[in-house]
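**Q** Sequence first, then the predicted structure:
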Amino acid sequence: MININVLKPTSANFQTYLYIGSGLIFISIFDVILRSFFNINFSNSLPGILNFFLPLIIGLVGFQMIRLEYSGNRIVDKINQSVNNNTFNAGLTLLIIFLTLLIIPPASNWMIFEATISGDTKEACVATEGACWTYIKVWFRRFMYGMYPNDFHWRINTAFIFLIGFAFVGYFMRGKLKNYITFYYAILYPIIAFLIINFLISGGSFGLEWVETNAWGGLSLTFIVSFFGLIFCFPLGMILALGRRSELPVIRYISIGYIEFWRGVPLITVLFMSSVMFPMFLPSDAFVDKLIRVIAAIILFEAAYVAEVIRGGLQALPRGQYDAAKSLGMGYWKMQIFVILPQALKLVIPGIANTFLALVKDTPLIFVVGLSEVVGMLQMAKTNPKWLGYAMEGYIFASILFWAICYAMSRYSQYLELKYKTER
Amino acid sequence: MNHKIKSIIPQLLTLLFVVAVIGFFTINAQLNMDERGIDFGYGFLNQESSFDVQFSLIEYDGSHSYAKAYLVGLLNTILVSVLGIIFCTIIGVIIGIARLSPNYLIRNTAAWYVEFFRNVPLLLQIFFWYYAALRALPLPENTEPLFGVTYLTVKGYYIPRLIWENFDILIYSILAAIISIVFIRNYARKLQEEKGQQLPVLLISVGLLLVFPAITFVTGMVQLEVALPVLKQLSKTSFIYAEGLSVPPELLALVLALSLYTATFVAECVRAGVQGVSKGQKEAAASVGLTPNQILKLVIMPQALRIIIPPTTNQYLNLTKNSSLAAAIAYPDLVLVFAGTALMQTGRAIEIVSITMLTYLTLSLAISLLMNWYNKRIAIKEK
């Protein structure tokens, strides 16, 4: 008991306790810094376990000494509230600080200080222990464009610039044109996008050389697949959601069957189906490109998920909205388009964003049919005999890439959610 | 009359459309199969498969039938899913609670964990663990033991094998313990309702679960031997650990990736569930005079679980479906064994892909039916 009382400050002697306590915390952190950054260990002479846990014990005693419910010192109060409200939390706080300190030196050494980025061959990396970013540098174009011929990369770049440019057209639609904005995005834009990709990336006319889809790959393929997936699965999902809420039994049961079927099977088997089973279902002289088959499979698959999300929004709307719309004499489609869907879609922005994120994260699965986007290209580069043994760098690069894309998307969805938020 | 026609026409059109699409596909499939001289049928399942599977829970080799190969794949899928579900629940609950911690550092570390692991494609994570992280492990001959008796090597994780004698008696004893626990719980509830007395049900249950199997050991009905992994030289440079149980690196990588990835979603469900219980509930319970433990057990948890369980079951389902990514690192799951190897050998695309899809479909429909039933049972009954 005495032990605990000694460590417990009172408001009278708090100043002394504060100095000693923060001194102890400082010593414990300093000790870990010395151990991890400079490899100096002062408590070497102590027995193993004690030596190992010494900073933790000192730090805990320190935190114990500065813990007072109301000390009068604003900074100390804040620390006590946020990281030091009991012994258990203080211990976790110390553990996290120590772990971070212990991880920083080896990780930064590997990733930055001992890493190489110079040179164009593997030889540049042999000398060092660190990461070999040369590998990423040399393969960068492959990771971005796949096996697409080097001379034609400008075609992909221009195509994407056009796509982005056309996406912003809606921004400049003012006045009367504004009535057609939905029409533009729902129907015109997908057609334009398809034409751009067909003529510019695929080529074959206007003096551009034909590049078959097998050569497409890398991040640009990820973008193409997710882009078409996104713009087509949304309207399909919307129709399915309405179908599932429909009062007409045939339509309802067909929608339910469709949604439950696609939600029940893994995407990888759907892709399998599109590659091995689907050709059997077409007339023997018909040929559908592999990429189109894959994108169609992804659209059909994700539409079921989008439908379920939108259904959630439809169900969340109070009945009064339907009744009010009907009492104004609106028909089914008028009611859905002008009253129900705008409100329902606003409600489910986070859910839709999640589905879209899932779609982007699912694109690497197209390796099943032999198309390789970023992850597929990584697998290819990793097995290249000239560049064996740099798998780690590749995976870290791709993780950061995907993380950035997905993080940006989720941030954007949060922004949209705020923008369209209305008080009810 | 007018109204009736208005509702029949769209239905008829939809039906026609669906029938036309299905009909088109069937006719084409028929024509294509006729052309190639394949006849549709599931008879091939009884033929000899003549391929081997690296890792199997049941006895299997090339002389067994395709049906058995299917079973091997299915069991491997179930193994990965069950292991993944167990680990993702443990990690997810810890992370979910950590996200609600009053401690600033813990809260943010957990948030970063969720942000990171959720936004990286699962396939990439599987590749990372399999090709980068687990490949960096030492060779069997240079491995230091982990926990004294297990060896984590580049060729897999070697753990002691438990050799049971009369294993069924142990199972019976555990079953007996469970049945008696059910009786005791019912009795305790009756006691509580009639006399207001409380029994330490949890302590008794744990005790029973320990005592019953222990009796079987003490009386010598069940015997347990432990076979430790022993280093064995296969050739001049190749070593493995024999005797023990070996967990292949594919399984390790898969379980690691699946559970770390799904844990982020489980964590969010747990957080939402605990946050979903209004503060007033806790205060009301406290003002009635319940102890903090009772508040957690009788007031918070039942309500939080009601929110947590449905989305979490969905995540379990997703994990099961995602386990089909095993094919990417050659773990012999249903997709690899059946939709991969068996399909290559027989060329029966329609039959095999349909069986595979149907299996997953049955699995998820069964679980979602179960979930709906559970949901109905625990839903708040409003008057």
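**A** Alright, I've got the coordinates. Numbers count the residues shown, from 1 in each chain, chains lettered A, B, ... in the order given.
**Q** switch to C-alpha atoms for all contacts and neighbour counts from now on
**A** Noted.
**Q** And the strands in chain A?
**A** All residues of chain A lie outside strands when identified by DSSP state E.
**Q** domain assignment for chain A?
**A** A:2-113, A:134-148+A:211-419 (automatic domain parsing).
**Q** Out of these, which gets nearest to B:Ala20?
**A** Ranking these by proximity to B:Ala20 (CA to CA) places domain A:134-148+A:211-419 first, at 13.0 Å.
**Q** now the end-to-end length of the closest one.
**A** 43 Å (CA to CA, to the nearest Å).
**Q** about what we covered before: out of the domains of chain A, indicate the one that is most buried.
**A** domain A:134-148+A:211-419 (a mean of 19; mean count of other CA atoms under 10 Å in any protein chain shown).
**Q** how about that one, does it reach chain B?
**A** Yes - contact of domain A:134-148+A:211-419 with chain B (CA under 8 Å from any CA of the partner chain) involves A:248-251, A:260-261, A:264-266, A:268-269, A:272-273, A:276-277, A:280-284, A:357, A:361-362, A:364-365, A:375, A:391-392, A:395, A:398-399, A:402-403, A:406-407.
**Q** quick one: low-confidence ranges for the chain?
**A** I went with chain A, as the question did not name one. Residue ranges of chain A with pLDDT under 70: A:1-7, A:43-47, A:207, A:423-424.
**Q** um, chain B though
**A** Looking at chain B by pLDDT under 70, you get B:1, B:379-383.
**Q** Which parts of it are strands?
**A** Going by DSSP E, chain B shows strands at B:151-153, B:156-159, B:161-165, B:223-227, B:230-233, B:239-242, B:245-247.
**Q** Dump the ones you listed to TSV, plus mean neighbour count and distance to chain A.
**A** As requested, these are exported to TSV (neighbours: other CA atoms under 10 Å in any protein chain shown; distance: least, CA to the nearest CA, whole Å):
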stretch	mean neighbour count	distance to chain A
strand B:151-153	23	18
strand B:156-159	22	19
strand B:161-165	13	31
strand B:223-227	13	30
strand B:230-233	14	26
strand B:239-242	19	22
strand B:245-247	18	23
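**Q** Including distance to A:Glu302, could the ones you listed go into TSV?
**A** Listed next are the strands of chain B as TSV, based on distance: least, CA to CA, whole Å:
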stretch	distance to A:Glu302
strand B:151-153	39
strand B:156-159	36
strand B:161-165	44
strand B:223-227	48
strand B:230-233	49
strand B:239-242	45
strand B:245-247	35
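**Q** nearest to B:Ala29, of the ones you listed?
**A** Here strand B:245-247 is closest among the strands of chain B (CA to CA), at 42.4 Å.
**Q** what's the closest non-adjacent residue to A:Glu209?
**A** Excluding the flanking residues, the one nearest A:Glu209 by CA to CA, 6 or more residues apart in numbering or on different chains is A:Gly203, at 5.5 Å.
**Q** these two touch, right, the one you found and A:Ile196?
**A** No - the pair A:Gly203 and A:Ile196 fails to qualify as a contact (CA atoms under 8 Å) at a distance of 9.6 Å.
**Q** wait, what's in contact with A:Ser399?
**A** B:Val120, B:Pro121, B:Leu124 (CA atoms under 8 Å, 6 or more residues apart in numbering or on different chains).
**Q** got the contact list for residue 229?
**A** Here I'm looking at chain A. With CA under 8 Å, 6+ apart, A:Gly229 has these contacts: A:Ile295, A:Ala296, A:Ile298, A:Ile299, A:Glu302, A:Leu359.
**Q** actually it's chain B I care about, not the one you picked
**A** If you count contacts by CA under 8 Å, 6+ apart, then B:Pro229 has B:Val149, B:Thr150, B:Tyr151, B:Tyr158, B:Ile159, B:Pro160, B:Arg161, B:Tyr241, B:Ala242, B:Glu243, B:Gly244, B:Leu245 around it.
**Q** And for A:Leu416?
**A** So A:Leu416 contacts A:Ile349 (CA under 8 Å, 6+ apart).
**Q** Once you drop chain neighbours, what's closest to the residue in the stretch 201-350 of chain B positioned nearest to chain A?
**A** Distances between the stretch 201-350 of chain B and chain A by CA to the nearest CA are smallest at B:Lys321, namely 4.9 Å. Among residues not flanking B:Lys321 along the chain, A:Pro266 sits closest, at 4.9 Å (CA to CA, 6+ apart).
**Q** Was I right to think that neighbour contacts B:Tyr360?
**A** Yes - if you go by CA under 8 Å, A:Pro266 and B:Tyr360 touch, sitting 7.3 Å apart.
**Q** rewinding a little: would you turn the domains of chain A into CSV with distance to B:Val206?
**A** Below are the domains of chain A laid out as CSV (distance: least, CA to CA, whole Å):
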stretch, distance to B:Val206
domain A:2-113, 27
domain A:134-148+A:211-419, 38
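**Q** if we can go back for a sec, just the closest of the contacts of A:Gly229 to chain B, please.
**A** A:Leu359 (9.8 Å).
**Q** where's the closest one relative to A:Tyr180, distance?
**A** In terms of CA to CA, A:Leu359 sits 28 Å off from A:Tyr180.
**Q** Please apply the same query to B:Gly220.
**A** 83 Å.
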